[in-house]
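>>> let me see the structure of the following:
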Amino acid sequence: MPTILITGCSSGFGLETAKLFLARGWDVIATMRTPNEDLLPASEHLRILALDVTKPDSIAQAVQAAGHIDVLVNNAGFGAPSPIELTAPETVEALFQTNTIGTLSMVQAVLPQMRQRRSGVVVNVTSTVTVKTLPVVGIYRASKAAVNAFTESLALEMQPFGVRVHIVLPGRSPETNFGVNARPHLRGMDDPDYAPLLQQFVKNVQDDTVPVTHASDVAAAIWKAATDPSAPLRIPGGKDAELWMAEAGW
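Have a look, this model is predicted:
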């Protein structure tokens, strides 16, 4: 069976994707910064590896331990909503280091074996916040838009070598740790100028009357990218993602 390596499997989209591919008989390499054997069902088709995509040594060790990889899914990342003016420099650096450079580093580490074999699939998970302009998520949006940009070029570069490249764009999901992980970085709630904007942002995030993205939607989109040679470059990862991308003409 084919082998898939997925980053960021400790929760949310990555965990759900690992479960889906395991259930369908694939060999799954689930990676996370702190390995937890209890998150996934025991299986002879499962390996759990430690991986921090911000650390070159960790990437090198994980890729070497993984061996043969047919499909690479770059899912690891985090969000930090905050007005651009108030976003701490260390938060900006962390966002780009994890979301952009971490994804790029994984691609560069795995592509050589795929190119040499003339086969393979790379799936980069970004976000539909890149589809239209929104306040408060500007730096996060930029870090994901950068991934969209280099992935589009990568798809062209890999065509001669038989390696497919795709972008999966999830919408807003209540089933991830995005809000929990982002909360320490949020600034401006006590600022008289920015507080109304941030309060509206929080209200929008908590709105359960509109379509949202479920982790299973993203796993299904990744499955399509991995298994369907006719899959488009950009694949929406939820009902709201489909709507936003249609509105934008993507």
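>>> looking at this structure, which helix or strand is least sure?
helix 178-182 (a mean of 57; mean pLDDT, DSSP states H and E).
>>> now the end-to-end length of stretch 63-71.
12 Å (CA to CA, to the nearest Å).
>>> and that stretch, average pLDDT?
Per-residue pLDDT over stretch 63-71 has a mean of 98.
>>> give me the distance between that stretch and the centre of its chain.
19 Å (CA atoms, centre = their mean, to the nearest Å).
>>> quick one: contacts of the biggest helix by length in the chain?
In the chain, taking DSSP state H as the definition, the longest helix is helix 138-158. Outside helix 138-158, the residues that touch it by CB atoms under 8 Å, 6 or more residues apart in numbering are 74, 77, 79-84, 87, 91-92, 95-96, 98-100, 103-104, 107, 111, 114-115, 122, 124, 126-127, 129-130, 134, 164-167, 233. For glycine as for every other residue, the C-beta is placed from the backbone atoms N, C-alpha and C.
>>> now those residues: which count as buried?
Buried by 16 or more other CB atoms under 10 Å: 74, 77, 79-83, 87, 91-92, 95-96, 98-100, 103-104, 107, 111, 114-115, 122, 124, 126-127, 129-130, 164-167, out of these.
>>> got the contact list for the residue in the chain sticking out farthest from the centre?
Of all residues in the chain, Pro192 has its C-alpha farthest from the mean position, at 33.9 Å, by CA atoms, centre = their mean. Listed by CB under 8 Å, 6+ apart, Pro192 has no contact partners.
>>> cool, and the one 3 residues further on?
Remark: with contacts taken as CB under 8 Å, 6+ apart, Ala195 is in contact with 188-189.
>>> check it and give its pLDDT.
93.
>>> tell me which of the contacts of helix 138-158 fall in helices.
91-92, 95, 103-104, 107, 111, 114-115.
>>> pLDDT below threshold where in this protein?
176-185 (pLDDT under 70).
>>> please repeat the previous calculation with a cut-off of 80.
The chain contains residues with pLDDT under 80 at 175-187.
>>> the strands in it, which residues?
Taking DSSP state E, the strands of the chain run over residues 3-6, 27-32, 46-50, 71-74, 120-125, 163-169, 234-236.
>>> most neighbours per residue, which of those?
Comparing the strands of the chain by mean neighbour count (mean count of other CB atoms under 10 Å), strand 71-74 comes out on top with a mean of 28.
>>> who does that strand pair up with?
Looking at strand 71-74 with DSSP bridges, its partner strands are strand 3-6 (parallel), strand 120-125 (parallel).
>>> any idea how far it is from the middle of the chain?
Using CA atoms, centre = their mean, the offset of strand 71-74 from its chain centre is 9 Å.
>>> please apply the same query to stretch 73-81.
With CA atoms, centre = their mean, you get 5 Å for stretch 73-81.
>>> CA atoms of that stretch as PDB?
Backbone C-alpha positions of stretch 73-81 (Å, rounded to 0.1, in the frame of the first residue of the first chain) are rendered in PDB as follows:
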ATOM      1  CA  VAL A  73       0.700  16.400   3.600                       C
ATOM      2  CA  ASN A  74       1.900  19.600   5.100                       C
ATOM      3  CA  ASN A  75      -0.800  20.400   7.700                       C
ATOM      4  CA  ALA A  76       1.200  21.700  10.700                       C
ATOM      5  CA  GLY A  77       0.600  25.300  11.400                       C
ATOM      6  CA  PHE A  78      -1.100  27.800  13.800                       C
ATOM      7  CA  GLY A  79      -3.000  31.000  13.700                       C
ATOM      8  CA  ALA A  80      -2.600  34.300  15.600                       C
ATOM      9  CA  PRO A  81      -5.400  36.800  14.900                       C
END
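>>> done for today, thanks.
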